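**Student:** Next input, structure requested:
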Amino acid sequence: MKILAIDDQQLILSSIKKRLTELSYEVKTASSNEEGILLYNSFNPDLVLLDMNMPEMSGNELVQCTGIEVVKYIRVFMKRDTPILVLSGNTDEAVILENFNLGINDYLKKPVSLDEMAARVRRIIGTAHSEEFLQKAKLEEQILRKNCVGLVIPCFNEEQRLLRSEFKAFSYKNIGYHLCFVNDGSSDNTLSVLRQLRDSNPDNISVYNCKKNVGKAEAIRQGMLRLTKDQQFDYVGFLDADLSTDFQDFNALVSVIENSDFKIVSGSRMVRVGTNINKHTPRQTISVLIQKILGMPLKDTQCGAKIMDREIASLLFNEKFITKWLFDVEIFMRMKKIYGRHSAQKLIYEQPLQRWKPSNSSKTFIKYNTKTISQITQITLELASLFKLSTKVKNFKI
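**Tutor:** Numbers count the residues shown, from 1 in each chain. The predicted structure is shown next:
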């Protein structure tokens, strides 16, 4: 049996094709409505698996299109009853009802597991395999995320940490995430370990190698710029390799930005009842100073877990940072410069973490001493003259 899958995000398409092929379906994929319609005519599928939100090029600009055009083509123009299963993060009730009114067979809302997707496919068009075969072939659960997220993980001499199973397990289970590891000129075996990690899941893991050590700020900047050029990502962010903020808490940041109008969601290591976060007086002291300089009530600018809109990230990371460790402060200063203090505060959200496990190396990243004060002063004095944002920033629409 033949299935046509249409989605503009290759991270999603490749995983769907792999799972359905494992179940002996013949699968072809398309990354746009136009390509999908052409392939529908030539492939003559038994089922169309379709996303709703698929930006396409109109001249030199991306415009938002919907998979409803494909549904209309099949049901109204061609007058065919080919089964259609919509698999989308679009939860707009009007869109869902319009699809059913046009005659789709089912509508699955992301996030959803590949197992459930496969079960819906079997319910609609059946399978060539017995239930006994399907039980034996049952694979580890994988989740199709609502949006695609590019995540930068900077690495300097992290050989031992990278051998942990969390990275491989997370990239396999969470379809829609792409982990971009940036090797910051490591002197140990980090690069070799990263390449082995990439080879285990090349669709969801990539490695960017800085031949020389450039520092955490520049390593993250290079990774972020690399991801912002890939239009399949809805959001991009970064996370420390020591996983002091773990993937579970990072998922919470993503959930907030997916369901809000915020441009940046940053982790916050606030000490609260019910969390596994210890009081850290030096961090809290320096936070007060940073609040004064920024003129914004941010409680924890230095948390190494942040997620942001891909388009705004391309502006925030366009220029090099002044400092190696306090670049987070510079990110918020750039937001303030782009939008103004009042609007910037409405676009930034601090999400309290449930747990935070500082490692010995993460404690040495920022020492709360006169050197830190000096770097903050340097940022304040030099930001206006060194960071010349392009004129198109002024026309950037929220």
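
**Student:** Give me the longest strand you can find in the chain.
**Tutor:** For the chain, the strand with the greatest residue count under DSSP state E is strand 143-155.

**Student:** Could you tell me the average pLDDT over whichever helix or strand comes after that one, please?
**Tutor:** As assigned by DSSP states H and E, the chain's next helix or strand after strand 143-155 is helix 159-162. When pLDDT is averaged over helix 159-162, the result is 92.

**Student:** Could you list the buried residues of the helix or strand following helix 159-162?
**Tutor:** For helix 159-162, the following helix or strand on the C-terminal side (DSSP H and E) is helix 166-173. The neighbour-count check on helix 166-173 (16 or more other C-beta atoms under 10 Å) flags 167-168, 170-173 as buried. Where C-beta positions appear, they are placed from N, C-alpha and C, glycine not excepted.

**Student:** Kindly reformat those as a markdown table containing pLDDT.
**Tutor:** As requested, the buried residues of helix 166-173 are exported to a markdown table (pLDDT from 0 to 100):
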| residue | pLDDT |
| --- | --- |
| Phe167 | 95 |
| Lys168 | 93 |
| Phe170 | 95 |
| Ser171 | 93 |
| Tyr172 | 92 |
| Lys173 | 93 |
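
**Student:** Okay, strands next: where are they in the stretch 51-200 of the chain?
**Tutor:** Secondary structure of the stretch 51-200 of the chain (DSSP state E, counting those that start in this stretch): strands located at 56-58, 61-63, 84-88, 106-109, 112-113, 143-155, 174-184.

**Student:** Just send these back as a markdown table, with mean neighbour count, distance to Lys320 and mean pLDDT too.
**Tutor:** Output for the strands of the stretch 51-200 of the chain, formatted as a markdown table (neighbours: other C-beta atoms under 10 Å; distance: least, C-beta to C-beta, whole Å; pLDDT from 0 to 100):
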| stretch | mean neighbour count | distance to Lys320 | mean pLDDT |
| --- | --- | --- | --- |
| strand 56-58 | 12 | 31 | 51 |
| strand 61-63 | 9 | 28 | 47 |
| strand 84-88 | 24 | 39 | 96 |
| strand 106-109 | 16 | 41 | 96 |
| strand 112-113 | 16 | 41 | 93 |
| strand 143-155 | 24 | 15 | 95 |
| strand 174-184 | 24 | 15 | 96 |
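
**Student:** Compare the ones you listed and report which one is nearest to Ile290.
**Tutor:** strand 143-155 (21.3 Å; C-beta to C-beta).

**Student:** Strand 84-88 and that closest one, what's the angle between them?
**Tutor:** Per axes from the mean of the first three to the mean of the last three C-alpha atoms, to 10 degrees, the angle that strand 143-155 makes with strand 84-88 is 40 degrees.

**Student:** ok and strand 143-155 relative to strand 174-184, angle-wise?
**Tutor:** Using the same axes, to 10 degrees, strand 143-155 lies at 10 degrees relative to strand 174-184.

**Student:** Could you tell me which strands strand 143-155 is paired with, and in which direction each runs?
**Tutor:** Next to strand 143-155 in the sheet, as set by DSSP bridges, lie strand 112-113 (antiparallel), strand 174-184 (parallel), strand 235-239 (parallel).

**Student:** what's near enough to touch the closest residue in space to Leu227 that isn't next to it in sequence?
**Tutor:** Closest residue in space to Leu227, ignoring its immediate chain neighbours: Gly150 at 3.6 Å, by C-beta to C-beta, 6 or more residues apart in numbering. By C-beta atoms under 8 Å, 6 or more residues apart in numbering, Gly150 lies in contact with 178, 180, 227-228, 230, 233, 235-237, 310.

**Student:** change it to 6 Å
**Tutor:** Residues in contact with Gly150, defined by C-beta atoms under 6 Å, 6 or more residues apart in numbering, are 178, 227, 233, 236.

**Student:** thinking again about what came up before, now do the longest strand of the chain and helix 166-173, the angle between them.
**Tutor:** With the same axes, to 10 degrees defining the directions, strand 143-155 sits at 150 degrees from helix 166-173.

**Student:** Mind putting the strands paired with strand 143-155 into CSV with distance to Ser24?
**Tutor:** Below are the strands paired with strand 143-155 laid out as CSV (distance: least, C-beta to C-beta, whole Å):
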stretch, distance to Ser24
strand 112-113, 19
strand 174-184, 20
strand 235-239, 35
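
**Student:** Please name whichever of those is nearest to Pro352.
**Tutor:** strand 235-239 (16.5 Å).

**Student:** Give me the mean pLDDT for the closest one.
**Tutor:** The predicted model assigns strand 235-239 a mean pLDDT of 98.
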